[in-house]
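Enquirer: Let's see this in three dimensions:
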Amino acid sequence: MKALRVVPLLLAVALAGCDDVYGIGGRDFEGFYAYAGTVDDAIGDAVVGEITITRQRGRNAEVSIDWSYIDNGEEIISIRTEIPAEAELFSDGDIYFVFEGELFTDGEVVDFRLEHDGRLRGRTITGWWRLTTGLPTDDEGSFTASRN
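Expert: Sure thing, here's the model as predicted:
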C-alpha cells in the first residue's frame, strides 16, 4: 500500500517542476491574424498583412508573416516568410518575435530585421513593430492583429 501512495506523490513532484507554463488552461496564441498598423511620423503610410501562429509549445511558437509597407497607396516593401520565425511567449499574454533576411531594392540587397512586441488580449494582439535595415532610415509603429 505504501508504494501506491508514493508513486502519485512522485508524479506530482515531477509535474510541478515542468516548465510548460501554458499547459491545460493556458493562453492560446495559435491562429491566423489579419494585421494592420501605423508608421510613426509618416502621414499616408501604413503596414498591412497577415500573421499565422502555429506549433505552440510551452513558451515558444512558430510565426509566419506576409507584411507590406504602404506609402501613399503604393507597396514599397514586402516581407513574406519562407521559414517561420520562433516567437517567445509569456504567461501574461506578451509575445515577441523577429524576422531577419534580405530585401531586394533597386538592384541592391539590403539586410533587414523586423521586430514585433505585442500582447494577446482575447482574440487580438496589439503592440509595436520596428524595421531596421542597412538604409539610412529605420521605421517603427504600432500594430493590431485580429484572429479570424
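Enquirer: what about residue 92, which SS state?
Expert: Three-state call for residue 92 (DSSP: H, G, I helix; E, B strand; the rest coil): coil.
Enquirer: That one: neighbour count?
Expert: A count of neighbours around residue 92, defined by other C-beta atoms under 10 Å, yields 8. Just so you know, the C-beta spots here come from the backbone N, C-alpha and C atoms, and that holds for glycine as well.
Enquirer: so who does it touch?
Expert: residue 119 (C-beta atoms under 8 Å, 6 or more residues apart in numbering).
Enquirer: host element of the residue nearest the centre of the chain?
Expert: Nearest residue to the geometric centre of the chain (C-alpha atoms, centre = their mean): residue 97, 4.4 Å. In the assignment (DSSP states H and E), residue 97 maps to strand 94-105.
Enquirer: Quick check, the residue nearest to the centre of the chain in contact with residue 87.
Expert: Yes. Here residue 97 reaches residue 87: they are 4.0 Å apart, a contact under C-beta atoms under 8 Å.
Enquirer: circling back: neighbouring contacts of the strand holding residue 97?
Expert: Strand 94-105 is contacted from outside by 29, 61, 63, 65, 77, 79, 81, 85-89, 109-120, 125, 127, 133, using C-beta under 8 Å, 6+ apart.
Enquirer: Quick one: buried ones out of those?
Expert: Neighbour-count burial (16 or more other C-beta atoms under 10 Å) applied to the contacts of strand 94-105 gives 29, 61, 63, 65, 77, 79, 81, 85, 87, 89, 112, 114-116, 118, 120, 125, 127, 133.
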